[in-house]
Structures are given as C-alpha cells and as structure tokens.
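1. A structural model of the following input is requested.
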Amino acid sequence: MWNPLNCILWLIVGGVAGTLAGRLIRGRGYGPVGDLALGLIGSMVGGVVFNLLGIGPSGPLAICGHIIIAAIGAILFVLGVRVVLDSDFAR
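-> Just a heads-up that it's a prediction; the model follows:
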C-alpha cells in the first residue's frame, strides 16, 4: 500500500545517494534535480544488482545501507551511460 512517509524517505535516500555519486564521479554533482534523478535511478539499479547478489541492508542502520546501495547503483549507471556514449555505437 502507498505510504506518503515511504515516498518521502525514498526521495531523501535518492537525493543523498545522487549527491554522493555526483560528487564522487563528477566532483561537483549534477545540480539538485540531476542529483535526485541520478539517486532515484541509482536506487533501482543498485537494488537490482544487490538483490541478484543476495545482499541487502537490515537492522537499525538499514537506511545507511540503502543510501550506499543507491549510490553504488548511481555510479554504475553513470559509468554505463558513459561507456555507451563514448562507444562507436553512439557515433
């Protein structure tokens, strides 16, 4: 069932993860909207990757694990987009 608190938490995790990934990859981030979008996409990518690996956060600090997973997913997403755009296929 849809819960407004879950939606707010998802946006917060996505924003923090996108900011973290943007700073690590680009050095200055992609702006507020870009960082949020990057974090939300990254949370989906990271969720799929870590679910396939059978790894997931649990316990009282699970939110930190979700942020880390989303940031890793966002980094993988950015690197994947760069590989596709830099390849001969994109030219």
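2. only C-alpha atoms from now on, for both contacts and neighbour counts.
-> Noted.
3. who touches the helix or strand hosting V84?
-> If you go by DSSP states H and E, V84 is part of helix 62-86. Applying C-alpha atoms under 8 Å, 6 or more residues apart in numbering, the contact partners of helix 62-86 are 13-14, 16-18, 20-22, 25, 38-47, 49-50, 56-58, 90-91.
4. let's see that with 7 Å instead.
-> With contact meaning C-alpha atoms under 7 Å, 6 or more residues apart in numbering, helix 62-86 is reached by 13-14, 16-18, 20-21, 25, 38-39, 41-43, 45-47, 57, 90.
5. likewise for stretch 42-54?
-> 14, 56, 69-74, 77.
6. buried subset of those residues?
-> 14, 69-74, 77 (16 or more other C-alpha atoms under 10 Å).
7. widest-spaced pair of these?
-> G14 and F77 (13.5 Å; C-alpha to C-alpha).
8. any idea how far stretch 70-85 is from the chain center?
-> 9 Å (C-alpha atoms, centre = their mean, to the nearest Å).
9. what about it, average pLDDT?
-> Stretch 70-85 comes out with an average pLDDT of 86.
10. ok so, going back, only the buried subset of the contacts of helix 62-86, as a ChimeraX command please.
-> ChimeraX command restricting those to the buried ones, with burial defined by 16+ other C-alpha under 10 Å:
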select :13,14,16,17,18,20,21,38,39,41,42,43,45,46,47
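11. among the contacts of helix 62-86, which ones are in strands?
-> Judged by DSSP state E, strands contain none of those.
12. rewinding a little: now the helix holding V84: buried residues?
-> For helix 62-86, by 16+ other C-alpha under 10 Å, it's 66-78.
13. any idea which of the buried ones among the contacts of stretch 42-54 is closest to C7?
-> Using C-alpha to C-alpha, the buried ones among the contacts of stretch 42-54 come closest to C7 at G14, 10.4 Å.
14. got the contact list for that closest one?
-> 36, 39-40, 43, 70.
15. go on, N6?
-> Counting by C-alpha under 7 Å, 6+ apart, N6 has no contacts.
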